[in-house]
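what's the 3D shape of this:
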Amino acid sequence: MELNIVAVLGAGTMGHGIAQICAQAGLDVRLYDLKDEFVQAGLDRINNFLKKSIERKKITANESVEVLGRIKGTTQLAEAVQSADLIIEAIPEDMRLKKEFFMGLIGKCKGNSIWASNTSTLSITEMASVTDRPDKFIGLHFFNPVQLMKPIEIIKGILTADETVKAAEALTLKLQKTPILVKDSPGFASTRLGVALFLEASKMLEEGVASIKDIDVGAKLFYGHKMGPFETCDLVGLDARLNNLNSLLESTGNPKWSPPLLLRQLVASSYLGTKPGSKGGYYAYFGIDKEGA
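This is a model prediction of the structure:
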C-alpha cells in the first residue's frame, strides 16, 4: 500500500517533528490537536526549525515554503483522518488514553488505512485490540529530536500483517530513516537499552561514584554516545522516563525497573526536562552548566 496522506494526531514535541519529516518527504500531512493554540504551537516550531535549516544552508527558502504548504493544521479529528492512508498517534504515554483515542477513530477513517502509535513502551497488541483493524496496526517509535535522529523502531503486534510491516519499512526509508524491526514486548529494544543505562547511571550518582556531568562525559568518551544518560533524560523528559520505568515495572513485575527516588521527586517538583513549562531537568536541579558536558 502506498502511503501518500498522513494524519499526525498530537502536535507536541514528537508530533510536530513527525509532521515535518513526512512533509519534507513529499507527503501531504494533517496535523491535529485538541486546541488551536496547540496546533499553532506545533506549526510555529516547524517553521522555526525550517528557518534555522535555511540559515545553515541545509534547505532553501523555496523548499521551506513547499514543506509548510504540505502541512494542514486542524482541530477537527474527522477532517484530519478521513482521507489519510496512515494515521500516527503521538499523544501522551498513557495506555487508557491511547485506547480511548483509537476507539474514537473507528468509523472515521478509510477501511484500508494503517494506524500507528509512537509509543516508546506500551503494548501495540493491547492498543490494536480495541480497534477494527489489528492487522493494520503497528508501532512507529520515532526518536527525539525527530528531524535529526535516524532510527525508527517498527513494532509488530501479534496480529500485525506482514503487508503492514512492509509498508512501514518503505515509509521509514522514504523518510530517510533507518528501520529497526522488533516484536511487541515491554520496552521494545530502544527503551529497554536506554533505561538500563539510565538506571545504572542513577545508581552511580546515588553512590557518589561521579557527578552527572562526569557520568555523561564518560558515556560519550568511553563508548561514543552522542549524549550521556542524564542529558538524554533531560531531552526526552523526566516524566517520560518515569512513565517508561513504571510501564516496564508493571508489565514485567521485575523490581529491577523500579524508578529511582530522585527521579520521582524531581517529576513531582515539576523538573520535567527541557520541555516548555518545566523547571528544567537534572542539570538545572544540580545547577550544572551543560557547556562541555
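
For the rest of this, base every contact and every neighbour count on C-alpha atoms.
OK.

distance of the closest residue to Pro134 other than its chain neighbours from Ile114?
Once flanking residues are discounted, Pro134 sits nearest to Ala128: 4.8 Å by Cα to Cα, 6 or more residues apart in numbering. Between Ala128 and Ile114 the distance is 11 Å, computed by Cα to Cα, to the nearest Å.

Ok, Met204 next?
To Ile114, Met204 is 43 Å away according to Cα to Cα.

Compare the two and say which one has the larger neighbour count.
Ile114 (24 against 15; other Cα atoms under 10 Å).

So that one sits against Glu89, correct?
No. Contact between Ile114 and Glu89 fails when scored by Cα atoms under 8 Å: they sit 11.1 Å apart.

Tell me which stretches of the stretch 1-150 of the chain form helices.
In chain order, the stretch 1-150 of the chain shows helices spanning 13-24, 36-55, 61-69, 77-81, 95-103, 124-128, with DSSP state H, counting those that start in this stretch as the criterion.

mind giving me CSV with the ones you listed and columns for distance to Arg241, mean neighbour count and mean pLDDT?
Compiled in CSV, those are given as follows (distance: least, Cα to Cα, whole Å; neighbours: other Cα atoms under 10 Å; pLDDT from 0 to 100):
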stretch, distance to Arg241, mean neighbour count, mean pLDDT
helix 13-24, 15, 25, 97
helix 36-55, 22, 17, 97
helix 61-69, 31, 15, 97
helix 77-81, 29, 20, 97
helix 95-103, 15, 15, 96
helix 124-128, 19, 23, 98
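
Next, format those as a markdown table and append distance to Tyr285.
Listed next are the helices of the stretch 1-150 of the chain as a markdown table, based on distance: least, Cα to Cα, whole Å:
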| stretch | distance to Tyr285 |
| --- | --- |
| helix 13-24 | 22 |
| helix 36-55 | 26 |
| helix 61-69 | 37 |
| helix 77-81 | 39 |
| helix 95-103 | 30 |
| helix 124-128 | 35 |
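
which one of those helices lies closest to Pro255?
Comparing the helices of the stretch 1-150 of the chain by their distance to Pro255 (Cα to Cα), the top pick is helix 95-103, with 20.8 Å.

Output that closest one as PDB - backbone C-alpha positions only.
Backbone C-alpha positions of helix 95-103 (Å, rounded to 0.1, in the frame of the first residue of the first chain) are rendered in PDB as follows:
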ATOM      1  CA  MET A  95      -2.500   3.200  27.800                       C
ATOM      2  CA  ARG A  96      -6.000   4.200  28.800                       C
ATOM      3  CA  LEU A  97      -5.800   7.500  26.800                       C
ATOM      4  CA  LYS A  98      -4.400   5.800  23.800                       C
ATOM      5  CA  LYS A  99      -7.000   3.000  23.700                       C
ATOM      6  CA  GLU A 100      -9.800   5.600  24.100                       C
ATOM      7  CA  PHE A 101      -8.300   7.700  21.400                       C
ATOM      8  CA  PHE A 102      -8.100   4.800  18.900                       C
ATOM      9  CA  MET A 103     -11.600   3.600  19.700                       C
END
